[in-house]
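> What follows is a predicted structure for the sequence shown.
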Amino acid sequence: MAVLVALVVAACNGGTASPGALSPSASVAGASSGPEGSPSEAPSDEPTITPSDLPTDEPSPSSSSGGPSSSPAQGGTGACLGSAETRDFFSSFAQSVSWPVYCAVMPKGWSVEKGSYRLRNGGRLTISYRRRTDGARIVLDEGAVCAETSPCVAAGTDLGTTAFADRQADLSSGSGFAAVVDQTENPAWLLTGTGLDQGAFTGFAAKLHLIDQ
């Protein structure tokens, strides 16, 4: 049976839970993956993070207010933007899949908006980040994104390639910017952004942090 794990992270200014998710007031529960319905072996079906778990302003530990910082040494989730519960969310997923998982390293002013993952079809994690001052948004989607969504990148202008942490991504622009790695494969890695210029977007793509489990 496929294992489904959903995490909804509500930003401090309020968020809307995805269909079927628990209310934002529920508490976090989680463990390593395993047979569904076995609390000692698998995460709760729908662990959530309460608004109080997500500080109004929590930059990544190594970032500054001026922009994305240099990525710290690989490993762990300490560089990931978000509360301890958000970092546990990344850690749990990274330990449950066989491919590299990345998180965003963001400067002051950005917050985790919402996120979810599931383990079927090889695993897929989606998490969005929002800058409160102007509504700029970054969405990181990794795993079965391109296997499950066709096309996984909307048609746009080809801008060549750009760094995606330790990988190279195809860069394009349309309603925003998109950077995709291994578009025809499962797993694939996709970062999209709106409300940002190209330099800021590619800067965030380059500073994505590899979670080395």
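That came through, no problem.
> Report the buried residues of the longest helix belonging to the chain.
Counting residues, the longest helix found in the chain (DSSP state H) is helix 84-94. Buried positions in helix 84-94, judged by neighbour count with 16 or more other CB atoms under 10 Å: 85, 86, 87, 88, 89, 90, 91, 92, 93, 94. In this view, the C-beta of every residue, glycine as well, is placed from N, C-alpha and C.
> May I have the strands that pair with the next helix or strand after it, each with its orientation?
As assigned by DSSP states H and E, the chain's next helix or strand after helix 84-94 is strand 101-103. Paired strands of strand 101-103, with direction, are strand 209-211 (antiparallel) (DSSP bridges).
> re earlier: can I get the buried residues of helix 84-94 in JSON lines with pLDDT?
Converted to JSON lines, those look like this (pLDDT from 0 to 100):
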{"residue": "85", "pLDDT": "91"}
{"residue": "86", "pLDDT": "92"}
{"residue": "87", "pLDDT": "92"}
{"residue": "88", "pLDDT": "92"}
{"residue": "89", "pLDDT": "93"}
{"residue": "90", "pLDDT": "95"}
{"residue": "91", "pLDDT": "93"}
{"residue": "92", "pLDDT": "93"}
{"residue": "93", "pLDDT": "95"}
{"residue": "94", "pLDDT": "95"}
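> CA-only coordinates of stretch 140-159 in CSV, if you can.
Extracted C-alpha coordinates of stretch 140-159, given in CSV (Å, rounded to 0.1, in the frame of the first residue of the first chain):
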residue,chain,number,x,y,z
LEU,A,140,10.6,23.6,-4.6
ASP,A,141,9.1,20.4,-6.1
GLU,A,142,11.3,17.3,-6.2
GLY,A,143,10.9,13.6,-6.9
ALA,A,144,8.1,12.4,-9.1
VAL,A,145,7.2,15.9,-10.2
CYS,A,146,7.9,15.4,-13.9
ALA,A,147,6.7,11.7,-13.9
GLU,A,148,3.3,12.9,-12.5
THR,A,149,2.9,16.2,-14.3
SER,A,150,3.2,16.7,-18.0
PRO,A,151,4.7,19.1,-18.9
CYS,A,152,6.2,19.7,-15.5
VAL,A,153,7.6,23.1,-16.7
ALA,A,154,5.2,25.5,-18.5
ALA,A,155,6.3,26.6,-22.0
GLY,A,156,8.5,29.7,-21.9
THR,A,157,11.7,31.3,-23.1
ASP,A,158,14.8,29.1,-22.9
LEU,A,159,17.5,30.9,-20.9
